[in-house]
Structure formats: structure tokens, C-alpha cells
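In: sequence first, then the predicted structure, then my questions.
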Amino acid sequence: MTPGDIGPAPAPAEQKAKKKDPNAIWDEEEVDEQNILSKVDKNDKRVKPKYDLRYRQDIKTDDALGAPWSVQDNSSMSCRQLIIKVDMPGTKFSTVKLDVTRTEFLVQAPKYLLALPLSESVNPDKGNAKWDSDKDVLEVILPIVRGENFAHYSMLDDPDCPKMKDFQ
């Protein structure tokens, strides 16, 4: 075993054969083709709806009462979910299209278009969306996924804290 044996296995020869452009700013492998926001037409005339993005924590009785052994704090580092509420007056639920990836949020309706990069990585498969037909509001709740190196004292030993490796 040599130092060259450490790390991932080398790529097959056919992949190494690609010529790299010396004037390129980045390699093709670095560009995320799954980017949904890049597919949105910049000239789209639909209105950007009012929206509200909030963080949610899982608060237990000890946390609410300020027990000395509580490790929760009021920072976004202790939050477990992102909640996005989108107000789309005059919209029917059947015309709403929602796309969510790990880092992006896209809502489309005949009159409205909302495209947001997310400030946290989320698990779109475990998210929940509901439509309030009385108020014409879409509420989306997305669990936050923390990276492997995330180290906030409120979640160090918490088995319920989702890690990035759990969703790859």
C-alpha cells in the first residue's frame, strides 16, 4: 500500500480521456444539471407571490421552561425544519406545481412563479405540503439535513438529527 492508494478508486481510462479546456472557469462535472432554478425563464412575466420562510425547532418541556440541562438555544442552528408559506390569491390547487430539490424550491401557477434557493439543505422526500383553500396558501414543511461536519451542541448526540449521509 502506498499513499496513492488512499482515497477513491481512480476513474476509468475512458473518463480521463476527456480534454479539459484550459480557458474554462469550471469543469463540466462541477455543474449541477439537476438545477431546477436554471430552467426557469428569466423573461417569465408571472408575479412573484408573497411568501414567508421560517425555521422551526423541536421544543420539549425542558427547553420551554429553561431547564439548566436543556441544550436548545434560539438560533437557527437548533432548528429541524424549514416552513415556507406561499400566498397565491385566486389560485386553484389543481393548477399549482411544486418542485423541491435538496437546495431549491420552485412553485408555479398560472399567475404566479416563485423560485428560491434554500439557505439549508433539505430532504424533499420527507417534506409535507398542504393547501389551505380558504386562504389560497400553500404551506410546505421540509426537514433540514445537516452536513457530516455539522457540530452544534444541541444535536451532537441526537440520533434523530438527520445527517447528509442518510439521504445519499
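Out: Sure, I can see it.
In: who does residue 53 bridge with?
Out: Note on residue 53: beta-bridge partners residue 84, judged by DSSP bridges.
In: now residue 106
Out: Here residue 106 sits in beta bridges with residue 99, residue 115, going by DSSP bridges.
In: that one and residue 127, how far apart?
Out: When distance is defined by CB to CB, to the nearest Å, residue 106 is 13 Å away from residue 127. All C-beta spots, glycine's among them, are computed from the backbone N, C-alpha and C.
In: residues bridging contact with those two, i.e. touching both?
Out: residue 100 (CB atoms under 8 Å, 6 or more residues apart in numbering).
In: tell me if residue 38 really is in a helix.
Out: Yes: Residue 38 sits within a helix when classified using DSSP: H, G, I helix; E, B strand; the rest coil.
In: that one - how many residues pack around it?
Out: 12 (other CB atoms under 10 Å).
In: the bottom helix or strand of the protein by mean pLDDT?
Out: helix 13-16 (a mean of 52; mean pLDDT, DSSP states H and E).
In: and the strands in this protein?
Out: Along the chain, the segments classed as strands by DSSP state E run 50-57, 79-87, 97-100, 104-108, 113-117, 128-132, 137-143.
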